[in-house]
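**Student:** how would this look folded up:
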Amino acid sequence: MLNRQPLRTRPALGTLIGACALWCPAAQAQDAAAPQPVVSTRAEYLSCLLSNDDLTRHGAQLNAAHQHHQRRVAAVQAAATDLAAQVRRHAPKNKAEADAYNRAVARQNAEVAEVNAQAQVLQARQDDLNRRVVDHNGRCGAMVISAEDRAAAEADYRRRLLARAAASAAAD
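**Tutor:** Next comes the predicted model:
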């Protein structure tokens with residue numbers, strides 16, 4: 001025996017939205033005002049590929065400089081700890097020992113100042129790289145390009161990479 005219940009019908013949501021799109025002047029105006037994506041050129045896409053390489057290279061260089069700086073900071077900190085330990089073990093007893101200690105402290109302070117100046121340079125370089133990444137992402141992040149232009153730009157990009165590698169090998 002079948003359980004017969006009356007069918008309840010509800011219009012599909014898509015039907016209601018579709019009907020509104022046909023009859024609602026606001027929806028029609030919104031569709032007409034929707035900006036069409038701007039299709040980028042081969043040259044613009046190639047510029048983005050090259051820009052990405054440049055950013056990657058600069059990022060790697062900055063990372064290496066940062067690692068070098070961190071090693072230098074560790075060495076300066078170790079030297080400062082050693083200098084302080086020397087004084088605790090053997091406090092200067094006369095003017096000559098005090099003068100030698102003061103000269104060592106002055107050298108340590110100069111090295112700290114140099115490391116701090118290097119940190120400011122690295123921070124400026126990092127800020128510049130961050131600004132360039134934001135600019136690159138703004139120009140290239142949502143780029144629309146035809147498949148044909150993309151293939152052509154990528155082929156040109158590969159040719160440039162090969163030429164750069166050949167020139168680098170010839171220079172070595």
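**Student:** and Ser40, how many neighbours?
**Tutor:** Applying other CB atoms under 10 Å, we find 21 residues neighbouring Ser40. Yep, even glycine has a C-beta here, placed from its N, CA and C like the rest.
**Student:** I figured it hits Ile145, correct?
**Tutor:** Yes - look at Ser40 against Ile145 with CB atoms under 8 Å: they come within range, at 4.9 Å.
**Student:** got the contact list for Val112?
**Tutor:** Contacts for Val112 (CB atoms under 8 Å, 6 or more residues apart in numbering) come out as 76, 80.
**Student:** beyond the helix or strand harbouring it, next helix or strand please.
**Tutor:** Assessed by DSSP states H and E, Val112 sits inside helix 95-140. Scanning forward in sequence from helix 95-140 by DSSP H and E, the next helix or strand is helix 147-171.
**Student:** so which bits of that following helix are buried?
**Tutor:** Within helix 147-171, the residues that qualify as buried are 149-150, 153, 156-157, counting by 16 or more other CB atoms under 10 Å.
**Student:** now the lengthiest helix in the chain and helix 147-171, what's the angle there?
**Tutor:** In the chain, taking DSSP state H as the definition, the longest helix is helix 42-89. Per axes from the mean of the first three to the mean of the last three CA atoms, to 10 degrees, the angle that helix 42-89 makes with helix 147-171 is 50 degrees.
**Student:** so which elements touch helix 42-89?
**Tutor:** helix 95-140, helix 147-171 (3 or more CB pairs under 8 Å, 6 or more residues apart in numbering; DSSP states H and E).
**Student:** pipe those into CSV and attach mean pLDDT per row.
**Tutor:** Formatted as CSV, the helices and strands packed on helix 42-89 follow (pLDDT from 0 to 100):
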stretch, mean pLDDT
helix 95-140, 94
helix 147-171, 93
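**Student:** quick one, which of those helices gets closest to Asp82.
**Tutor:** Ranking those by proximity to Asp82 (CB to CB) places helix 95-140 first, at 9.7 Å.
**Student:** roughly how far is the closest one from the heart of the chain?
**Tutor:** 21 Å (CA atoms, centre = their mean, to the nearest Å).
**Student:** and for stretch 61-73?
**Tutor:** Taking mean C-alpha positions (CA atoms, centre = their mean), stretch 61-73 and its chain are 17 Å apart.
**Student:** quick one, what contacts Ala100?
**Tutor:** Contacts of Ala100 (CB under 8 Å, 6+ apart): Pro92.
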